[in-house]
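A.B. asks: No letters, just coordinates:
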């Protein structure tokens, strides 16, 4: 297969992906943005650790785990808030958000203790 | 009884001057529902035909007349002049029933009825009172040793915990967390703050401070002694809620009762056994309950609670590794059985990330969650479920999303394959069925990548392999060949069948029955308990000590069996009475119903069969209670530090030699004296004798222990060199020859030889044996009869007559007359021997003057 065919495939893919994604609700897109931000921060930290070494390992771990942790919690929030999920249809979104805030609070308190 | 209003109507005027107001009320009594129409008569007097009516909250004059058709109904009339025509439907009339009106109700229900309770409230009262009784029972059944001896700490390990708790309450948390103990493992010292699990001590200190705050002037020892029974009682409450989550509240109650008295749990949680397991089993069950609740509800709050439960478990016991491996295994099993759901995703993610972070706050655990092989399963499953899309997501969007991500990853690494890949993926995108294939491919590739990463990590040494303690669980023969210290502990031996029967009794056959019920009604929760039960039973078979971990699972599953069986049987017993004639009321408890023959035999068992089975179940459960109480009383309530025996006339004789020796040490030796003994007694010597020891029960340094073992098994001159090099002032040995006490140092001696020989090849085990036999009499090996341990134990023993009719020097523990009676000590002198010769202390003499 020629390269032009594959690039056109990629373009078609991206277009279909973007159009499908644009259909999702705004609040879900905000959560997705937050998740992407957290993951990118984690990747940056890992790259930095690869460069300078991992000496205060607890600091490195606390940094990475805070990013990963908050991303994971945001994914859980997105799952619980998404109206398409039938399992969570009788969970009020305020409750889901309150749980999210509480878990994040605990997460960051532990991180601050662990940071050294 | 309160009437519940169901309908109120305003019929047309039937009598001039009155508005007839009909209240149809319903009263539920037992299984019968009585419908009554209450009529309240005008004027101040209120009359009801056929019964006394006491009206509550009615302030209008109405008239009661009896109904026309139904003698049980009464119509209400309200006069026109009444300003409050609409009597609100909340008119509730309390009716005191005359005896003729109601069918007779027996015993308890009439008592409860007299308390004016509804059935739901009756049930709640029964449940709460049963739970309260179980709570009290779990506490008091563990108090045997306090009643028989005194309130003291038992065994060896609890003494260290007690000493640490004393330090914590005296010096505060900061000092405790950063404590370096120079009184043990001389000359190395021990970093206590970083090498212990602080949960137990912090819990006891917290209870102590709370009681002190409330102005109860308790001593820390009392708090320590009673911590384990208190937490055992709390475990029964958690078991009730767990059973309720798994099956129903009946199973929860039975589980609470079973676990309250189960000997497998009592063995490590009697009063005085101030050890990690007393608190850890509570934390274990709590974590599992909270996690199952989180999976069932999919709520982040419950997952957070289970993360805290896990944190408490990690702080309490090294057995938390069981949790961090069982839960990922559970997630995998749910994946394989097709029960993967978003609730599981939410619960596991939150619990893993937060739990891992919290666990790393404990210094002893440190970074093990990311570096140790035992914790890698959890991390692997964590990464795996990130890649699994939910079925709830709108499939086209997220499938394309994942496709792009995976393509990006692959593009960065395999430039060539991406071109073929793109075509294939484009074809897949149009057909959702093919997407499953793609998905399977990505999952396997993710798993493969993970396995490669794990392999690289292990091979390079970054991820440490499974430590010996846990590796010997997977391979039970490992410790015997490689790590004698682990093999020598009696609790680490494989379990015999008799131990299972001893610790579980009828639960042993109720466990498979419960498994059957669990499989009949599979849900996320029952799958969890089945897995917990099976894995813990495997480990209980490998090591005696781990019967403790299996106990909650066995109790819960057996409770399911008991509850389901009893429920079925009582339904059988009850259902037969329904078609009984109307005259025999309350037929459920009427055993003399003559309607047995006229019933349709839909069940294979007759009613009598069901009653017989119920009586049989009652008999079995009562035997269980008797067995558990007997076991607790006879086997698990001895403090180990105080020995009891029966004298010649049957009176109880107490041997308190250990504490006698330690207090002698405390009062008669200089404060900086160092004591050398075998590692079993180290904790007790530091806690009660308050002296520095060379080795103690922590056994973290095998070479140091081997040095002591070598000293004990060498001739006196060589041993003296080692003793001087360690700055030892006193040597302590335990000897049971006079009393017949069989856990003394001569019986442990071969382990000293093996451990010492493991590090110093100069010590060879066959030197101490004769034809493979271990003997201390005349036929014993010469090295055995002249080594330091032998000399210290049997010094001056040759002159002592221990038993009537036996020669002097007769060793009652081994049952032989000792071989070497003429013992002369050159470098040590006897300092103290306790009244029954159990503990003997020798002082090390300074070297001879050289001239």
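C.D. replies: Right, received. Where do you want to start? From a predicted model like this one, the values you see are computed outputs, not experimental measurements. Numbering: from 1, shown residues only, chains lettered A, B, ... in the order given.
A.B. asks: What's the local residue count around the nearest residue to residue B:263 once chain neighbours are set aside?
C.D. replies: In this structure, residue B:263 finds its nearest non-sequential neighbour in residue B:631, 4.4 Å apart by C-beta to C-beta, 6 or more residues apart in numbering or on different chains. Heads up, the C-betas are built off the backbone N, CA and C, glycines and all. A count of nearby residues for residue B:631, using other C-beta atoms under 10 Å in any protein chain shown, gives 20.
A.B. asks: From residue B:254, how far off is residue B:631?
C.D. replies: Going from residue B:631 to residue B:254 by C-beta to C-beta, to the nearest Å gives 20 Å.
A.B. asks: Same question for residue B:248.
C.D. replies: From residue B:248 over to residue B:254 the distance is 10 Å, taken as C-beta to C-beta.
A.B. asks: shaky segments in the chain?
C.D. replies: Just going to use chain A. Scanning chain A for pLDDT under 70 picks out A:1-10, A:13.
A.B. asks: let's do chain B instead
C.D. replies: Scanning chain B for pLDDT under 70 picks out the ranges B:1-117, B:389-443, B:446, B:461-462, B:468-469, B:479-481, B:483-488, B:576-605, B:851.
A.B. asks: Where does the record place the domain boundaries for it?
C.D. replies: B:3-89, B:277-465, B:652-844 (automatic domain parsing).
A.B. asks: Do me a favour and get the end-to-end distance for stretch B:826-840?
C.D. replies: Criterion C-alpha to C-alpha, to the nearest Å; first-to-last residue distance in stretch B:826-840 is 17 Å.
A.B. asks: Give me the buried positions along that stretch.
C.D. replies: By 16 or more other C-beta atoms under 10 Å in any protein chain shown, the buried positions in stretch B:826-840 come out as B:827-828, B:831-834, B:836-840.
A.B. asks: I'd like to know how far residue B:729 sits from residue B:675.
C.D. replies: Residue B:729 sits at a distance of 7 Å from residue B:675 (criterion: C-beta to C-beta).
A.B. asks: who has more neighbours, those two?
C.D. replies: Comparing residue B:729 with residue B:675 by other C-beta under 10 Å, the one with more neighbours is residue B:675, at 23 against 18.
A.B. asks: show me what contacts the more buried one?
C.D. replies: B:665, B:685, B:689, B:691-694, B:728-732 (C-beta atoms under 8 Å, 6 or more residues apart in numbering or on different chains).
A.B. asks: Check chain A for the residue nearest chain B and tell me.
C.D. replies: residue A:99 (3.6 Å; C-beta to the nearest C-beta).
A.B. asks: OK, contacts around the closest residue to that residue other than its chain neighbours?
C.D. replies: Spatial nearest neighbour of residue A:99, chain neighbours left out: residue B:300 (3.6 Å); criterion: C-beta to C-beta, 6+ apart. Contact analysis of residue B:300 by C-beta under 8 Å, 6+ apart lists A:73, A:76-77, A:80, A:96, A:99-100, A:102-103, B:346, B:350.
A.B. asks: intersection of neighbour lists for residue B:248 and residue B:254?
C.D. replies: residue B:563.
A.B. asks: between those two, which one's more packed in?
C.D. replies: Between residue B:248 and residue B:254, counted using other C-beta under 10 Å, residue B:254 has the larger neighbour count: 27 against 14.
A.B. asks: What residues sit buried inside the helix or strand containing residue B:660?
C.D. replies: Under the criterion of DSSP states H and E, residue B:660 resides in helix B:657-668. Residues of helix B:657-668 classed as buried: B:657-662, B:664-665 (neighbour count, 16+ other C-beta under 10 Å).
A.B. asks: For chain A, what's its nearest residue on the stretch 201-350 of chain B.
C.D. replies: residue B:300 (3.6 Å).
A.B. asks: That residue and residue B:339, how far apart?
C.D. replies: Separation of residue B:300 from residue B:339 (C-beta to C-beta): 20 Å.
A.B. asks: again with residue B:617
C.D. replies: 33 Å.
A.B. asks: ditto for residue B:740
C.D. replies: 59 Å.
A.B. asks: what do you get for residue B:119?
C.D. replies: In terms of C-beta to C-beta, residue B:119 sits 36 Å off from residue B:339.
A.B. asks: check contacts around the residue of chain A closest to chain B.
C.D. replies: Contact partners of residue A:99, counting by C-beta under 8 Å, 6+ apart, are A:77, A:80, B:299-301, B:304.
A.B. asks: just those residues now: which is nearest residue B:363?
C.D. replies: Minimum distance to residue B:363 across the contacts of residue A:99 is 23.3 Å, recorded for residue B:304 (C-beta to C-beta).
A.B. asks: Please identify the helix or strand for that closest one.
C.D. replies: With DSSP H and E as the test, residue B:304 turns up in helix B:300-316.
A.B. asks: same check, this time on residue A:104
C.D. replies: Here residue A:104 is assigned to helix A:93-114, by DSSP H and E.
A.B. asks: Would you confirm that residue B:645 belongs to a helix?
C.D. replies: No: the assignment for residue B:645, made by DSSP: H, G, I helix; E, B strand; the rest coil, is strand rather than a helix.
A.B. asks: That one contacts residue B:638, correct?
C.D. replies: No: using C-beta atoms under 8 Å, residue B:645 makes no contact with residue B:638, being 11.3 Å away.
A.B. asks: neighbour-wise, which of these two wins?
C.D. replies: The residue with more neighbours, out of residue B:645 and residue B:638, is residue B:638; 18 against 13, by other C-beta under 10 Å.
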